[in-house]
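Colleague: Mind folding the following:
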Amino acid sequence: DMDVAAASSMRERAGAQQSILATKRKTGRADHLFDRNGAPLGGIDLATGRPATVAPEMTGLLDGPWGPLLAPGDASARIRLAFDLEIQRAAIEALGEQPGALVVLDVASGALLAAASRPALAPAQGGMAPPALSRRYEPGSIMKMVTLSAALRKGVDVDGFFPMECPGTETIDGLAFRNWVRHFKVESIDHAVAVSCNIVFGRLGRAVGREALDAELRLYGFDFQSEHVEPRGADFRYEVGTLGSPDAAHPAFALARRAEGLDSIEITTMGAALIAAGLARGGDPPKPYVIEEKTNALGETYDTRAARLSAPSGALTPEKAAVILRTMKAAVGNAGRAEGTARRAAVDGLVAAMKTGTSGTNPPGYDAIMIGFAPADSPRIAWGLVAEHAGKAEFEAARITKEFLERAKGRLQQVRERVEATA
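Modeller: Predicted coordinates for the structure are as follows:
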């Protein structure tokens, strides 16, 4: 019986090799990079011996300093990557000609499903880089969810802040701390997130304190500008965000501004997606990766993601995680009579949790930022979006997000099934 099984295995390998050789003859390429579903992404041009990108949507993500970190011995292997080409295309099509980026992560595993950039590559320190993984922005109000997470983790009595009278502007350290508009009476934390009240989160950030807020940010991968820390154990290069030095002359004002994502903090689109994934996991950010599996010329798997998984840690209690979920759902729907700032991104048949953010200066135009995860009650994907100089996030970022979700929602169940089968 063992001899029969061995012979059968040999025939299967021989058949697979014949199929690979036939594909090489037909295409003139030796494909060795594939998406998670087996679609070819890149390989070697047999005529020139140079790398060949099969899927132009993946430009800048397959080779060079921002591609997968492969060993010399992997050159002849078939590498299955975490990318989902259909989700990558949906992200690119949703961006259209809008400069910016959209990054999508699998919530359960941290798999990088998509990293779409417009343009695909742009000048960065050390050369050209995909903006999705490298370009930094003020995060704006998406950071309020990290502030809330820090408050819950520290044990701050969040409900005790409400109802709160929002004056529209208040003075901190002699400086004016402002809202976009006056919200008058803010009834609850759900209401505060739904309308994105700066006054509430400025006060909440000061209650949390700089040390606890920075610790929460460090949990998500932020580092101080002087550190230049590379993500530990990552199989591709990416940046999350940086923290600037505090304003020693106005410490309380600077803390309130950091709590709402302004001035002394920057984030990449990848970092925004990582925050969304961490919130979806109850305050436990995953470790992003791009390499799923390596298979040698004999068809033998010699490296898999399953062998490199790490145990989760740092999650909030279920009761505290439920507050994050509930408030981000309120941003898409409403909290009482208050309409959420992300309501224009809602998609029929898909309940999502989101948070908008607007930052930068005008001119040249505010950056519109959005984070979210879906389906809200059983998250499969999380995303971060930056639309450069597009104005307030509740309009253009919501439009792009809605278009992306409408294009991608049919893939959500398939994404979860594929990850569960390979984890």
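Colleague: Where does the residue nearest the centre of the chain fall, secondary structure wise?
Modeller: The centre of the chain sits closest to Ala273, judged by CA atoms, centre = their mean, with a distance of 1.4 Å. Per DSSP states H and E: Ala273 is located in helix 269-280.
Colleague: helices and strands of the chain: which one bottoms out on pLDDT?
Modeller: helix 2-27 (a mean of 50; mean pLDDT, DSSP states H and E).
Colleague: Which helix or strand contains Ser149?
Modeller: Using DSSP H and E, Ser149 falls in helix 144-154.
Colleague: can you give me how far stretch 116-124 is from the chain middle?
Modeller: 16 Å (CA atoms, centre = their mean, to the nearest Å).
Colleague: cool, stretch 120-133 as well?
Modeller: 17 Å.
Colleague: How are the helices of the stretch 151-300 of the chain distributed by residue range?
Modeller: With helices called from DSSP state H, counting those that start in this stretch, the stretch 151-300 of the chain shows them at 189-195, 198-208, 210-219, 251-259, 269-280.
Colleague: Tabulate those helices in TSV, adding columns for mean pLDDT and distance to Asp63.
Modeller: From N, CA and C alone the C-beta is placed, and that goes for glycine too. What follows is those, written out as TSV (pLDDT from 0 to 100; distance: least, CB to CB, whole Å):
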stretch	mean pLDDT	distance to Asp63
helix 189-195	96	41
helix 198-208	98	42
helix 210-219	95	31
helix 251-259	97	37
helix 269-280	97	18
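Colleague: Can you pull the poorly scored residue ranges out of the stretch 1-150 of the chain?
Modeller: The stretch 1-150 of the chain contains residues with pLDDT under 70 at 1-28, 49.
Colleague: In it, mark out all the strands, start to finish.
Modeller: 29-34, 40-45, 51-53, 78-81, 100-106, 112-118, 122-124, 127-129, 136-137 (DSSP state E, counting those that start in this stretch).
Colleague: Name every strand pairing with the fourth one and say which way it goes.
Modeller: If I follow you right, that is strand 78-81. Neighbouring strands of strand 78-81 in its sheet, by DSSP bridges, are strand 29-34 (parallel), strand 291-295 (antiparallel).
Colleague: what's the angle between the helix holding Ala273 and strand 100-106?
Modeller: Put simply, helix 269-280 runs at 40 degrees to strand 100-106, going by axes from the mean of the first three to the mean of the last three CA atoms, to 10 degrees.
Colleague: what's helix 269-280 packed up against?
Modeller: The contact analysis (3 or more CB pairs under 8 Å, 6 or more residues apart in numbering; DSSP states H and E) places helix 269-280 against strand 100-106, helix 131-134, helix 144-154, strand 367-374, strand 381-387.
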